[in-house]
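Colleague: My questions concern the predicted model and sequence given below.
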Amino acid sequence: DRVGPRASGLATAAMASARGPGQAVFVYGSLMSPRVLRALLGAAAPTAETGTFRPAWVAGFRRRAIRGRVYPALERVPGPGHAGAGAAAAALPESLEPPRVPGVLLSGLSEDSLDKLDKFEDDDYERHVVPVYLGVPPAAASQEAAPAPHTDAFVYVWRESLRDLLAGEWSWADQFLPVEDTYVANCVRFAAAGYEWTFDIDDPRSRSASEASDESVAPTADSGPAAATASSSS
């Protein structure tokens, strides 16, 4: 049964005191596509024009390709100071910076929109709260005088077997953009079905020819965030 991901107790507690006019979620895969967001959330989708769709990044994670899937997994990378890092990580030089993953910060999300994203992400992912830094990741060799501005936001972290993850990094340009049209059409179908999974979103055969021709979300010149596209190409 495909249902929404369970938020960890830590995430629920951390965000309970931060509830305001909307929730914030850091996205790093297919949800960086404005077309996917419109298919799932309609008029409530965050946009660059409203300041609710902004380039951002997180540290201490890796964005991994998943076997047989066009969307990625976010895997936490233990390092110095991280719980569960172990002796090997503790022995790493302090100058070794944690990996950084570029993406987009979606803000101003209603509880209804967050619930729809939960159902979309499925039980393969679990919602956590992490620090999210605004802008694009600095070069690894750069020495910043002060940390980048950050905010706490939800992020969907892979919770299934690591054996499903491939060794390489996931690529927005190579693995998602070529199938974006089909993916968007399947998101439209998912929303029309009451946000219930009844098919495999990665299978191009899951939509009929009539569904493909009746796709309600038209392509746009901006099929993805420019900063994230450049950063995530591998």
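Modeller: Now that the structure is in, tell me what you want to look at. Numbers count the residues shown, from 1 in each chain.
Colleague: Show the pLDDT at the nearest residue to Phe120 once chain neighbours are set aside.
Modeller: Using Cβ to Cβ, 6 or more residues apart in numbering and skipping the chain neighbours, the partner closest in space to Phe120 is Leu40 (5.9 Å). C-beta coordinates here come from the backbone N, C-alpha and C atoms, glycine included. If you check Leu40, the pLDDT there is 98.
Colleague: Model confidence score at the closest residue to Pro46 other than its chain neighbours, please.
Modeller: Spatial nearest neighbour of Pro46, excluding adjacent residues (Cβ to Cβ, 6+ apart): Thr52 at 3.6 Å. Looking at Thr52, its pLDDT stands at 97.
Colleague: I'd guessed Thr52 sits against Ser107; true?
Modeller: Yes. The criterion here is Cβ atoms under 8 Å, and Thr52 meets it with Ser107 at 4.7 Å.
Colleague: Between these two, which is the more surrounded one?
Modeller: Ser107 (22 against 18; other Cβ atoms under 10 Å).
Colleague: Spell out which helix or strand contains that one, please.
Modeller: Secondary structure from DSSP states H and E places Ser107 in strand 100-109.
Colleague: Make sure Ser33 is actually in contact with Glu180.
Modeller: Yes. Using Cβ under 8 Å, Ser33 makes contact with Glu180 at a distance of 6.2 Å.
Colleague: Counting neighbours, go ahead and name the busier of those two.
Modeller: Ser33 (25 against 18).
Colleague: what's the spacing between the more buried one and Val27?
Modeller: Ser33 sits at a distance of 9 Å from Val27 (criterion: Cβ to Cβ, to the nearest Å).
Colleague: Then Arg64?
Modeller: With Cβ to Cβ as the criterion, Arg64 and Val27 are 15 Å apart.
Colleague: Looking at the two, which has the bigger crowd around it?
Modeller: Taking neighbours as other Cβ under 10 Å, Arg64 and Val27 compare with Val27 leading, 26 against 19.
Colleague: Bridged to the more buried one, which residues?
Modeller: Here Val27 sits in beta bridges with Val104, going by DSSP bridges.
Colleague: Check which residues of the lengthiest helix in the chain are buried.
Modeller: Longest helix of the chain, by residue count under DSSP state H: helix 180-192. The neighbour-count check on helix 180-192 (16 or more other Cβ atoms under 10 Å) flags Glu180, Asp181, Thr182, Tyr183, Val184, Ala185, Asn186, Cys187, Val188, Arg189, Phe190, Ala191 as buried.
Colleague: would you turn those residues into a markdown table with pLDDT?
Modeller: Shown next, in a markdown table, are the buried residues of helix 180-192 (pLDDT from 0 to 100):
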| residue | pLDDT |
| --- | --- |
| Glu180 | 96 |
| Asp181 | 96 |
| Thr182 | 94 |
| Tyr183 | 95 |
| Val184 | 96 |
| Ala185 | 95 |
| Asn186 | 94 |
| Cys187 | 96 |
| Val188 | 95 |
| Arg189 | 94 |
| Phe190 | 95 |
| Ala191 | 96 |
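Colleague: ok, these vs Trp57, which is closest?
Modeller: Glu180 (22.0 Å; Cβ to Cβ).
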